[in-house]
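[1] whatever this is, show me its structure:
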Amino acid sequence: MKVVVQNRVIVAITDVAEIVPGGIYIGNNTIFSDPNVKVYDVSNIPPSVKPLAYLFDDEEGFQPNPAYVPPSSLEDQLKNARGEIDNLERIIKRMNDDQLAFMEDILSMLQ
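    Next up, the predicted model:
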């Protein structure tokens, strides 16, 4: 297997890694054009190793990526979006209430 690494971060694990004009072709119509990308031929890749979640280099081998943040689930994203919408609705209501109170104050001063 080929391990494609960019700045020590594993960006792909693939059977194919060929140098082509413009970069390194890794299959699935994907070419890495970064000149810093390195390809390692690795015979034994632990099953837990996933792109972005692990680092790799010749000296230290596979290591968990401390900067990796797993993507949130769609359900979590929806909950967050609903929370933001609720918050914005409260802000808009408060702004409308404040504007209404301000207009009432102005009208009472004019009478």
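
[2] CA only for contacts and neighbour counts going forward, please
    Will do.

[3] in what helix or strand does the spatially most central residue of the chain lie?
    Within the chain, the residue whose C-alpha comes closest to the C-alpha centroid is Pro71; the distance, by Cα atoms, centre = their mean, is 6.5 Å. Secondary structure assignment for Pro71, by DSSP states H and E: no helix or strand.

[4] Val11 too?
    Val11 belongs to strand 9-14 when assigned by DSSP H and E.

[5] buried residues in the very next helix or strand once past that strand?
    Of the helices and strands lying after strand 9-14 in sequence (DSSP H and E), the nearest is strand 18-20. When burial is assessed from 16 or more other Cα atoms under 10 Å, strand 18-20 yields no buried residues.

[6] relative to Gln63, how far out is Ser48?
    From Ser48 across to Gln63, the span is 11 Å (Cα to Cα, to the nearest Å).

[7] try Met1
    The spacing between Met1 and Gln63, counted by Cα to Cα, is 17 Å.

[8] secondary structure element holding Asn96?
    Remark: Asn96 resides in helix 74-110, with elements defined by DSSP H and E.

[9] for that helix, the distance to its chain's centre please.
    For helix 74-110, the separation from the chain centroid amounts to 31 Å (computed by Cα atoms, centre = their mean, to the nearest Å).

[10] sounds good, over and out.
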